[in-house]
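Q: model the structure of this input:
(2 chains)
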2 protein chains.
Amino acid sequence: MLNGIAKVLKKSNIARQLYRVYKGIDFSYLITQITPIIVKKSKFDFERINLLVPSINREHFFGGVSTAFKIFDEIIKKGNKYTNARIILTDAAPNKEAIKEFSKYRLVSFDDDTDAKYQLLPVNNKYQKNIFVSENDKFIATAWWTAYSSQEIIRQQLNLYNQDYHKLVYIIQDFEPGFYNWSSHFVLAESTYRSEVPTIAIFNSSLLKSFFNTRGYKFFKEYYFEPQMNETLKRHIDLKPIRKKKQILIYGRPSVDRNSFSLIIEALKIIVYKQPDIHGWIFCSAGESHSDVALGNGVVLRSMGKLSLDDYARTLKESAIGISLMISPHPSYPPLEMAHFGLLTITNSFANKDLSKWHQNIISIDILTPQNLCNSLIRAIEKYNDNCNIGWEGKSSTKYVNDETNFGFIDNLMNDMQNI
Amino acid sequence: MLNGIAKVLKKSNIARQLYRVYKGIDFSYLITQITPIIVKKSKFDFERINLLVPSINREHFFGGVSTAFKIFDEIIKKGNKYTNARIILTDAAPNKEAIKEFSKYRLVSFDDDTDAKYQLLPVNNKYQKNIFVSENDKFIATAWWTAYSSQEIIRQQLNLYNQDYHKLVYIIQDFEPGFYNWSSHFVLAESTYRSEVPTIAIFNSSLLKSFFNTRGYKFFKEYYFEPQMNETLKRHIDLKPIRKKKQILIYGRPSVDRNSFSLIIEALKIIVYKQPDIHGWIFCSAGESHSDVALGNGVVLRSMGKLSLDDYARTLKESAIGISLMISPHPSYPPLEMAHFGLLTITNSFANKDLSKWHQNIISIDILTPQNLCNSLIRAIEKYNDNCNIGWEGKSSTKYVNDETNFGFIDNLMNDMQNI
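A: This is a model prediction of the structure:
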């Protein structure tokens, strides 16, 4: 409802004033992520696996969401044939394209207490709405606010059915409080890791799991999976290596703070006045579209925008050096992709993360400053100038490029979920 | 220079386009805090203590800056009579009022290589400017970017004079990376705690020091001082306690994220529909001016703005309950002030912080959510309803209200600073 009002009222400035206080309640300081979902008793008692994700629309369906669906699909596939599945969308209703993509699923609304085998329930307009929950509904959370909502739902389920907590499955793909400064959002995100609701954590990478453990977080059960190279990219890596160009590829996403684009720019602005053969090098940025950046001394960082996987693979193969930063204990994929495609790859350490142990091509900066990044880049350029094939000679010490399935824990996980 | 251009050019939209790229360099992604300061050899070889602070203008001169000056003044007072003092202002030039306040200091500019005993040097327009540094200039840093600049200055000083590092004194009053999400700013702030420049850390509180130590930070030397009640407030606390009103005082600063105003509002929006005698209570907010907030059920949170210390003391004395959150390991002053003025005080724990050990009036929430804050508030109201004098009966177990000097470490610190 709130979103509906917002759409109408936020169109004018005068209306915005009216909107701020609606029915005697001021919405100025609303923390939209934690708007409560009220639970009603279902007339059914079937088992149903619920996946809570922000959105399945194409513009949101990548990285984390796509990984979560791989796990969800495994669980459904291996599950009891009488088990139903429900996808609960917390942030955005599915658009036509998404509904087509999920054609197996029936789109249902708040009022539907239904036993449809596959259900798609948007709850983005959840203010003062109810959802139906059976005594055997089980929940899988992804982003922190889907975990927050799941924990509130499980608490209500416990009271409604006078039973013990169902376990929450929580797919943790980063330390999400780190996405915020110290604030309400920080503490709310962090609270989801210390809930009284027993939680089965699935970590994206052993690095992330040990970061949590070192910080003192402990869950009922903990599983993890390791990063694996994307299938499309893997097809390109098997082809014959080509000669590397004097090209420096930046993973450049100005809108994603933890990729630290501004710090890369500061470093490049130093090197353009320091490195003698700088005008022989091409600087390009892939990941997100932005204006070209004039670095000084006539050197420009060209934006290639978000490339198709095939174009990305081609660019990786021809580039000599890569820079990809990630201010998080999560390894992130681009530095691994770069290193395995023969780029001398500069990234950063963070807490327990040190990717230089993962591949000989990876240089991991411990104290990340523009000066230190510039110095690492100069050393990489010198290495290339000594031997332009050096990147193709670097060896991996991970199983990042492999064909094994990554979710070997699913059987154990499903066993954990069964016991209330 | 850059700021000068900005002032002129940022006035129009077309000009802003021109401004983005100036002399072939794009300033869009500038990290202003780390603009380098270039160091030039001074013709003098005197000892000089430099304090780097963002600003001494009244609107910035409170809390942390004021504390830093207390320490600086102690050092100057106890120092060698031939030692000079220089205040370096990184963010704002002093206005007339500030210059008057610091009348002992002579206002100098980048070009002045002077032996004036007391100097005030604004470096806010530091882009491509130099400052003069003698071989015996020593530096005291405050905010993280003043530490970043100090470390760069000390490195240059080492090279110019072919000597070892001078030690940096770093007054650390919070874990400042926490003021940012994981980003360039986060890592740059964090880098100042791991510099190769030997650092004498002075922590504002033992709590903050142990937070750093637990996270693995280790400095050349470490000192700390504990929070002490403000002198003006202390005069009020000795007066006769008055009967507490049914008044809930919020430390409300919507612009300071770590005070978590939005989470307080979410909690109050729950309690207004839950607590039977809610209409008997007054809700008021002090700390920063904001619009009154309609909480629902006809209850309004009234903003009192930033009060004078005398008015603040009066409000503290008449209020029964206080809420003051601080998403940081720093204890922060308002919850201590509230507790010692007889308010049942609700605050939050954070990492190693648990203020409930400091005063019987303090309730510290471990997992801070609106629901948990609401529950704590209900319990505090019930306590008051049972005994309206309960707040005056609570005992302190800290030396927060005392007349001892807090900087007993200055002699040792000055000894540490002497040895290059």
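Q: quick check: pLDDT value at A:Pro241.
A: pLDDT, the model's per-residue confidence, is 83 for A:Pro241.
Q: identify the residue spatially nearest to it, adjacent ones excluded.
A: For A:Pro241, ignoring the flanking residues on the chain, the nearest one in space by C-beta to C-beta, 6 or more residues apart in numbering or on different chains is A:Trp392 at 4.8 Å. To be clear about C-beta, it is placed using only N, CA and C from the backbone, and glycine gets the same treatment.
Q: any idea how far that neighbour lies from chain B?
A: Spatial separation of A:Trp392 from chain B under the definition C-beta to the nearest C-beta, to the nearest Å is 31 Å.
Q: could you look up the SS state of that residue?
A: Secondary structure of A:Trp392, reduced to three states by DSSP: H, G, I helix; E, B strand; the rest coil: helix.
Q: swap in A:Phe283?
A: Under the three-state scheme (three-state DSSP), A:Phe283 adopts strand.
Q: name the residues linked to it by a beta bridge.
A: Note on A:Phe283: beta-bridge partners by DSSP bridges are A:Ile248, A:Leu301.
Q: would you mind listing what in the stretch 201-350 of chain A touches chain B?
A: On the criterion C-beta under 8 Å from any C-beta of the partner chain, chain B has as its neighbours in the stretch 201-350 of chain A the residues A:254, A:257-258, A:260-263, A:265-266, A:269, A:291, A:293-298, A:327-328, A:348.
Q: residues near the residue nearest to A:Pro241, how many?
A: A count of nearby residues for A:Trp392, using other C-beta atoms under 10 Å in any protein chain shown, gives 16.
Q: need the per-residue pLDDT for it.
A: On pLDDT, A:Trp392 comes in at 95.
Q: does it touch A:Leu343 like I think?
A: No. Using C-beta atoms under 8 Å, A:Trp392 is not in contact with A:Leu343; the gap is 9.8 Å.
Q: picking that back up, so how far is A:Gly322 from the residue nearest to A:Pro241?
A: The spacing between A:Trp392 and A:Gly322, counted by C-beta to C-beta, to the nearest Å, is 14 Å.
Q: and A:Ile75, by the same measure?
A: Taking C-beta to C-beta, one finds A:Ile75 at 36 Å from A:Gly322.
Q: who's more crowded, the two?
A: Neighbours were tallied for A:Ile75 and for A:Gly322 using other C-beta under 10 Å; the higher tally belongs to A:Gly322 (29 against 20).
Q: so what's that one up against?
A: A:Gly322 makes contact with A:248-251, A:316, A:334-335, A:338-339, A:343-346, according to C-beta atoms under 8 Å, 6 or more residues apart in numbering or on different chains.
Q: got any residues that touch both of A:Trp392 and A:Leu343?
A: A shared contact of A:Trp392 and A:Leu343, defined by C-beta under 8 Å, 6+ apart, is any residue touching both; here these are A:Lys244.
Q: if we can go back for a sec, which of the residues of the stretch 201-350 of chain A next to chain B are buried, as a PyMOL select command?
A: Under the burial definition 16 or more other C-beta atoms under 10 Å in any protein chain shown, those of these that qualify are selected in PyMOL by:
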select buried, chain A and resi 254+257+258+260+261+262+263+265+266+269+293+294+295+296+327+328+348
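Q: show me the residues of the stretch 201-350 of chain A next to chain B that map onto helices.
A: Within these, residues falling in helices by DSSP state H are A:261-263, A:265-266, A:269.
Q: turn those residues into CSV, including pLDDT and distance to B:Gln371.
A: Written out in CSV, the entries for those read as follows (pLDDT from 0 to 100; distance: C-beta to C-beta, whole Å):
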residue, pLDDT, distance to B:Gln371
A:Phe261, 98, 38
A:Ser262, 98, 38
A:Leu263, 98, 39
A:Ile265, 98, 43
A:Glu266, 98, 43
A:Lys269, 97, 48
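Q: now A:Asn372: closest residue in space that isn't a chain neighbour?
A: Leaving aside its chain neighbours, A:Asn372 sits nearest to A:Ile365 (5.4 Å; criterion: C-beta to C-beta, 6+ apart).
Q: tally of neighbours for the closest residue to A:Gln33 other than its chain neighbours?
A: The shortest distance from A:Gln33 to any non-neighbouring residue, by C-beta to C-beta, 6+ apart, is to A:Trp145 (3.7 Å). Using other C-beta under 10 Å as the criterion, A:Trp145 is surrounded by 23 other residues.
Q: quick one: contacts for the residue nearest the centre of chain A?
A: Closest residue to the average C-alpha location of chain A: A:Gly64 at 3.6 Å, with C-alpha atoms, centre = their mean. Counting by C-beta under 8 Å, 6+ apart, A:Gly64 makes contact with A:142-143, A:171, A:173-174, A:204.
Q: again, only this time at 10 Å
A: Listed by C-beta atoms under 10 Å, 6 or more residues apart in numbering or on different chains, the contact set of A:Gly64 reads A:53-54, A:142-143, A:171-174, A:204.
Q: so who does the closest residue to A:Leu355 other than its chain neighbours touch?
A: When the adjacent residues along the chain are set aside, A:Leu355 lies closest to A:Ile362, with 4.8 Å between them (C-beta to C-beta, 6+ apart). A:Ile362 makes contact with A:322, A:324, A:335-336, A:338-340, A:343-347, A:354-356, A:394, A:396, according to C-beta under 10 Å, 6+ apart.
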